[in-house]
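Any chance you can model this:
(one chain, ligands or ions: 2)
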Amino acid sequence: MSRILAINPGSTSTKISVFEDHREIFTENVLHDYEELKAFSKVIDQEELRYKAIKEALFKRGLNFSDFDVIAARGGILRPVRAGVYAINELMLTDLKDAVAGEHASNVAAFIAKRISENFDIPAYVIDPVSVDEMEEVARISGLAGIERKSLSHALNIRRVIFSTAEKYGFSFKEKNFIVAHLGGGISIAAVRKGRMVDVDSANCEGPFSPERAGGLPILELVELCYSGKYTKDEMIKKLIQEGGIYSYLETKDVKEVEERAKSGDNRARLILEAMIYQIAKTIGEMATVLKGKVDYIILTGGIAKSEYICEKIRGRVGFIAKVERVPGEEEMLALAEAALRVINGIEKVQVYGGDYVD
Ligand SMILES: Nc1ncnc2c1ncn2[C@@H]1O[C@H](COP(=O)(O)OP(=O)(O)O)[C@@H](O)[C@H]1O
Ligand SMILES: CCCC(=O)OP(=O)(O)O
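Ligands and ions are numbered 1, 2, ... in the order given. So this is what the prediction gives:
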């Protein structure tokens with residue numbers, strides 16, 4: 001039996017899970033004081049705070065870091081990489097430290113995992129980082145020379161729900177084509193052709209708006225706003241990534257609340273919710289063209305997919321394309337544990353993060 005510690009830092013919490021082989025022993029979402037987190041200018045500076053929080057959560061249950069056989073961590077915004085399991089090396093830590101590809105809560109995970117690994121002599125890996133990039137060449141062209149489309153997505157959950165759907169229906173995920181819409185605080189929608197994520201609407205800067213992110217915007221108005229003198233660069237980024245989308249219209253990021261408001265006669269909430277659903281469906285339609293109409297399953301996942309009401313409305317718009325599956329919530333912790341197990345059992349090779357990405 002192998003005991004696995006899975007670590008998944010989010011913007012306000014650190015989720016940890018303990019698995020014994022495939023069996024989940026417990027999962028805890030350790031909440032952090034937002035004010036305390038805000039005091040750090042870089043995400044990786046939160047290492048000590050989050051490390052201690054994880055240690056305490058384990059200690060409470062009579063566990064220590066030395067009780068584990070492997071550490072599996074969510075990968076941050078690294079250079080573009082193929083999907084898979086990566087050993088944590090110096091280049092990875094330097095890239096995360098320099099935030100070469102951007103800041104994200106998961107950037108700190110590799111540092112925590114490395115620390116445990118060194119102190120307790122346990123292997124540690126990061127798995128399916130948010131910068132998994134398997135896009136085809138044609139998908140990288142943005143429309144303006146000098147700006148390239150980027151693959152920044154909920155790759156860990158997207159790949160996991162494809163595995164679980166394939167398992168459910170008894171086929172290999174490499175035999176089929178999927179469109180996966182991860183519908184959480186951020187939204188990413190991917191076209192996955194026979195196991196390869198050939199295109200994705202990046203969670204931070206394209207596609208539908210989400211509870212907290214603006215998604216794709218009319219570009220000239222955006223330029224006007226940037227140069228209006230009202231906002232600094234950091235304020236603009238915050239406005240687009242943390243305070244955009246539903247939040248900018250309704251001052252809440254809670255879609256459950258918005259749905260309740262819409263159902264009880266709040267016309268503004270109804271319109272904004274309908275618009276998000278409309279944009280999600282439109283992007284799913286776009287991804288169907290990427291797969292030339294050969295779509296086997298559309299999978300709706302993430303917190304918002306817990307809503308039958310919203311999923312039915314999306315299904316109403318995209319059901320003509322393919323069968324719509326719902327995988328409510330996310331399976332990221334399980335995805336981390338299973339990947340580590342595949343390595344332990346010799347089913348999957350550990351890859352070297354080396355900036356040697358070849359398409
Ligand atoms: N039953 C539900 N119905 C509608 N929306 C829901 C439901 N449960 C959670 N959500 C919404 O899902 C969003 C968060 O999704 P989640 O995947 O947990 O986000 P993240 O991990 O990105 O923070 C929130 O807007 C939340 O209100
Ligand atoms: C940066 C892409 C992945 C992402 O948006 O994750 P969160 O929704 O967890 O911030």
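
What residues does the closest residue to ligand 1 within the chain make contact with?
Nearest to ligand 1, among the residues of the chain, is Gly303, at 2.2 Å (CB to the nearest ligand atom). C-betas here are computed from N, CA, C, even on glycine. Contact analysis of Gly303 by CB atoms under 8 Å, 6 or more residues apart in numbering lists Leu183, Gly184, Gly185, Val255, Pro328, Gly329, Glu330.

Ile112 too?
Residues in contact with Ile112 (CB under 8 Å, 6+ apart) are Ile7, Pro9, Glu47, Arg50, Tyr51, Ile54, Ala73.

Please name the nearest non-neighbouring residue to it.
Closest residue to Ile112 apart from its sequence neighbours, by CB to CB, 6 or more residues apart in numbering: Tyr51 at 5.2 Å.

Please, which helix or strand holds that neighbour?
In the assignment (DSSP states H and E), Tyr51 maps to helix 47-59.

C-terminal to that helix, what's the next element?
strand 70-74.

coming back round to it: who's in contact with the helix holding Tyr51?
Here helix 47-59 makes contact (CB under 8 Å, 6+ apart) with 5, 7, 9, 14, 16, 18, 28, 30, 32, 36-37, 64-65, 67, 108, 111-112, 115-116.

Now which of those would you call buried?
5, 7, 9, 14, 16, 18, 28, 30, 32, 37, 65, 108, 111-112, 115-116 (16 or more other CB atoms under 10 Å).

Return the subset of those residues lying in helices.
Of those, the ones assigned to helices by DSSP state H are Leu37, Phe111, Ile112, Arg115, Ile116.

Whether the helix or strand bottoming out on mean pLDDT in the chain contacts ligand 2 - can you check?
Counting by mean pLDDT, DSSP states H and E, the chain has its least confident helix or strand at helix 34-38, which shows a mean of 83. No: Helix 34-38 does not reach ligand 2 (CB under 6 Å from any ligand atom); its nearest approach is 13.8 Å.

Does that helix reach ligand 1?
No: Helix 34-38 is not in contact with ligand 1 by CB under 6 Å from any ligand atom; minimum separation 13.3 Å.

ok, what's across the strand from Ile298?
Beta bridges link Ile298 to Ile179, Val324 when assigned by DSSP bridges.

what's it in contact with, if anything?
The contact partners of Ile298, taken as CB under 8 Å, 6+ apart, are Phe178, Ile179, Val180, Ala181, Ile284, Val318, Ile321, Ala322, Lys323, Val324, Glu325.

ChimeraX command to pick out the buried ones of those?
Buried subset of the contacts of Ile298, written as a ChimeraX selection, criterion 16+ other CB under 10 Å:
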select :178,179,180,181,284,318,321,322,324,325
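
same question for stretch 69-79, mean pLDDT?
For stretch 69-79, the mean per-residue pLDDT is 96.

ditto for stretch 328-346
Averaging pLDDT residue by residue across stretch 328-346 gives 97.

Residue ranges in this protein under the pLDDT threshold?
Within the chain, the ranges that satisfy pLDDT under 70 run 355-359.

so what's the backbone phi/psi at the residue most central in space within the chain?
The residue lying closest to the centre of the chain (CA atoms, centre = their mean) is His154, at 2.3 Å. His154 adopts backbone torsions of phi -90, psi 60, taken as degrees, to the nearest 10.

you'd agree it is up against Gly186?
Yes: assessed by CB atoms under 8 Å, His154 is found in contact with Gly186 at 7.4 Å.

Overlap in contacts, these two.
Counting by CB under 8 Å, 6+ apart, the residues touching both His154 and Gly186 are Ala203.

what about the closest residue to Ala339 other than its chain neighbours, neighbour count?
Leaving aside its sequence neighbours, Ala339 sits nearest to Ile127 (CB to CB, 6+ apart; 4.4 Å). Ile127 has 29 neighbouring residues, counting by other CB atoms under 10 Å.
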